[in-house]
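Student: predicted model, plus sequence, below.
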Amino acid sequence: MKGVLLVNLGSPDSPTAKDVKPYLDEFLMDERVIDVPNWLRNIIVRGIILQTRPKKSAEAYQKIWWEEGSPLVVISERFTEKVQKQTKIPVALGMRYGSMTIKKALQELIDKGVDEVLLVPLYPQYAMSSYETVVVKTMQVQAAHFPNIKLTTLPAFYKNDEYIKVLSESIAEGLKDFDYDHILFSYHGIPERHIRKSDPTKFHCKIDGKCCQTNSVAHTTCYRHQCFDTTEKVKAYLGLPDDKISISFQSRLPNDPWLKPFTDFEFERFGKEGKKGLAVITPAFVADCLETLEEIAMEGKEQFQQAGGGDYKHIPCLNDRDDWVAVVAKWIEDWHDNESLPA
Ligand SMILES: C=CC1=C(C)c2cc3[nH]c(cc4nc(cc5[nH]c(cc1n2)c(C)c5CCC(=O)O)C(CCC(=O)O)=C4C)c(C)c3C=C
Ligand SMILES: [Fe+2]
Ligand SMILES: [Fe+2]
């Protein structure tokens with residue numbers, strides 16, 4: 001019998017430094033996130049970052065935490081329930097980090113008699129620190145604990161027509177009552193090195209003005225290209241004017257070159273330029289989370305307005321929108337009925 005495993009990033013169990021610390025430890029000790037030799041990762045993560053970050057991070061989580069729990073987890077659970085209502089195929093939710101493990105979710109499917117699993121990493125774009133680590137971890141768990149199940153993975157859906165349609169329509173709804181003079185597409189940042197590491201040709205991705213717009217097989221795993229492509233496709237779908245759209249990359253750790261321009265610098269620039277209405281969308285995330293609710297909706301607004309900017313709006317992620325649920329349910333049914341995967 002076929003079943004579906006949805007996987008997102010995961011959150012700490014509570015917004016306290018005590019619970020944030022082991023969560024961050026698992027997250028940042030992932031070799032696809034902090035991709036340096038083990039001994040050095042130990043020093044960077046355990047010797048430096050985890051000495052101060054859990055407290056700071058917990059304070060940020062406290063600002064966005066809901067009564068039911070972490071927004072990322074609660075939204076992902078609502079989404080999973082809604083998808084399950086649209087299909088008879090068993091659907092389970094797991095998280096890459098934290099207590100809602102991939103192993104538990106796979107066990108849930110196996111207990112229902114599933115022996116063929118469609119893995120759906122809940123990331124539109126491919127990055128080794130998001131999509132790839134979910135796939136690798138799931139394959140490891142499968143090999144170690146469930147060797148008899150067959151695993152198929154849904155490709156990154158950053159340019160899929162149905163995804164672009166629902167994303168665009170959610171943005172159009174968000175813009176309906178908002179007078180904007182600029183729309184910022186803010187994607188999660190990654191170190192530039194990750195782009196080069198993920199380039200199978202080893203020469204295409206130069207992170208210059210042209211590589212991401214020049215056709216290449218490298219784009220199958222190029223996060224930067226995929227962020228540009230999602231943006232271009234939404235722009236075309238909605239007929240948005242070129243001069244009112246731009247891209248930036250949010251969140252970074254120090255001491256490494258990360259993808260630019262940085263979102264927080266852009267907020268300041270737009271504020272200083274006196275933009276009267278800034279709309280921000282965050283299409284690297286399908287569910288609102290710390291990065292969108294705190295960094296963009298709260299901090300971003302403050303940075304923009306303190307620099308002199310006017311009205312500000314963060315347009316929510318797709319979350320558990322019915323049209324998004326219907327798209328994922330259709331992808332699942334297509335795979336179930338004829339093994340086809342969305343292009
Ligand atoms: C597009 C998805 C994501 C990529 C790519 C990604 C890369 C990445 N992230 C960090 C470090 C942190 N990220 C944190 C939070 C966080 N990151 C994502 C998604 C991607 N990260 C999400 C959805 C969240 C929010 C989780 C939630 O519970 O709501 C955090 C924790 C918070 C903090 O202390 O700032 C860290 C740390 C790195 C280093 C990285 C690529 C190398
Ligand atoms: Fe992150
Ligand atoms: Fe590129």
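Tutor: Great, that's in hand. Ligands and ions are numbered 1, 2, ... in the order given.
Student: ok, what's across the strand from F262?
Tutor: Applying DSSP bridges to F262 gives these bridge partners: F249.
Student: quick check: it touching S186?
Tutor: No - F262 is beyond contact range of S186, at 9.7 Å (criterion: Cβ atoms under 8 Å). Just so you know, the C-beta spots here come from the backbone N, C-alpha and C atoms, and that holds for glycine as well.
Student: so for those two, which sits in the more crowded spot?
Tutor: S186 (29 against 17; other Cβ atoms under 10 Å).
Student: what's the more buried one in contact with, if anything?
Tutor: 247-250, 263, 266, 280-282, 296, 300 (Cβ atoms under 8 Å, 6 or more residues apart in numbering).
Student: how about C222?
Tutor: 126, 195, 198-199, 204-205, 212, 216.
Student: picking that back up, anything in contact with each of F262 and S186?
Tutor: 248-250.
Student: give me the contact list for the host helix or strand of Q51.
Tutor: Assigned by DSSP states H and E, Q51 falls within helix 50-64. Residues from elsewhere that reach helix 50-64 (Cβ under 8 Å, 6+ apart): 11-12, 15-17, 19-21, 24-25, 28, 70-71, 290, 293-295, 298.
Student: do the same with stretch 73-84
Tutor: 4, 6, 8, 10-11, 66, 68, 90-93, 95, 100, 122, 286-288, 317, 319-320, 322, 324-325, 328-329, 332.
Student: in strands only, show me those.
Tutor: Of the contacts of stretch 73-84, the ones assigned to strands by DSSP state E are 4, 6, 8, 91-93, 95.
Student: wait, doesn't K197 sit right on S129?
Tutor: No - with contact defined as Cβ under 8 Å, K197 does not reach S129; the gap is 10.4 Å.
Student: the more surrounded of the two?
Tutor: S129 (22 against 14).
Student: quick check, that one in a helix?
Tutor: Yes - counting by DSSP: H, G, I helix; E, B strand; the rest coil, S129 is located in a helix.
Student: list the helices and strands the helix or strand where K301 lies packs on?
Tutor: Using DSSP H and E, K301 sits in helix 301-306. Other helices and strands packing on helix 301-306, by 3 or more Cβ pairs under 8 Å, 6 or more residues apart in numbering; DSSP states H and E, are helix 263-272, strand 311-314.
Student: what lies in contact with the last one?
Tutor: Contacts made with strand 311-314 from outside it, assessed by Cβ under 8 Å, 6+ apart, are listed as 174, 178-180, 276-282, 292, 296-297, 300-301, 304-305.
Student: inside strands: which ones of those?
Tutor: 277-281.
Student: which of those residues lies closest to T230?
Tutor: Distance to T230 across the ones in strands among the contacts of strand 311-314 (Cβ to Cβ) is lowest for I281, with 10.0 Å.
Student: distance of the closest one from S129?
Tutor: 21 Å (Cβ to Cβ, to the nearest Å).
Student: sorry, back to before: can I get the contacts of S186 in a markdown table with pLDDT and distance to K313?
Tutor: Formatted as a markdown table, these follow (pLDDT from 0 to 100; distance: Cβ to Cβ, whole Å):
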| residue | pLDDT | distance to K313 |
| --- | --- | --- |
| I247 | 98 | 18 |
| S248 | 98 | 16 |
| F249 | 98 | 20 |
| Q250 | 97 | 16 |
| T263 | 98 | 15 |
| E266 | 98 | 15 |
| V280 | 98 | 7 |
| I281 | 98 | 9 |
| T282 | 98 | 12 |
| I296 | 98 | 10 |
| G300 | 98 | 10 |
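Student: what is the neighbour count of the closest residue in space to N148 that isn't next to it in sequence?
Tutor: Nearest residue to N148, sequence neighbours excluded (Cβ to Cβ, 6 or more residues apart in numbering): D115, at 6.4 Å. By the criterion of other Cβ under 10 Å, D115 has 13 neighbours.
Student: what score does D115 have for pLDDT?
Tutor: D115 is assigned 97 on the pLDDT scale.
Student: check contacts around it.
Tutor: Contacts of D115 by Cβ under 8 Å, 6+ apart are 1, 148-150.
Student: could you turn the buried ones of these into a ChimeraX selection?
Tutor: Those of those that count as buried under 16 or more other Cβ atoms under 10 Å are selected in ChimeraX with:
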select :149
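Student: and the contacts of D115, which two are furthest apart?
Tutor: Every pair of the contacts of D115 checked by Cβ to Cβ; the farthest is M1 and N148, at 12.7 Å.
Student: what comes up buried for stretch 233-248?
Tutor: Applying 16+ other Cβ under 10 Å to stretch 233-248 flags 233-235, 237-238, 240, 245-248 as buried.
Student: quick one: L240 from ligand 3, how far?
Tutor: Applying Cβ to the ion, to the nearest Å, the value for L240 to ligand 3 is 23 Å.
Student: which SS state does that residue fall under?
Tutor: Relying on three-state DSSP, one would call L240 coil.
Student: list the contacts for it?
Tutor: 183, 234.
Student: now do 7 Å
Tutor: By Cβ atoms under 7 Å, 6 or more residues apart in numbering, the contact set of L240 is I183.
Student: next one: Q125
Tutor: Here Q125 is in contact with 156, 158, 223, 226-227, 230, 284 (Cβ under 7 Å, 6+ apart).
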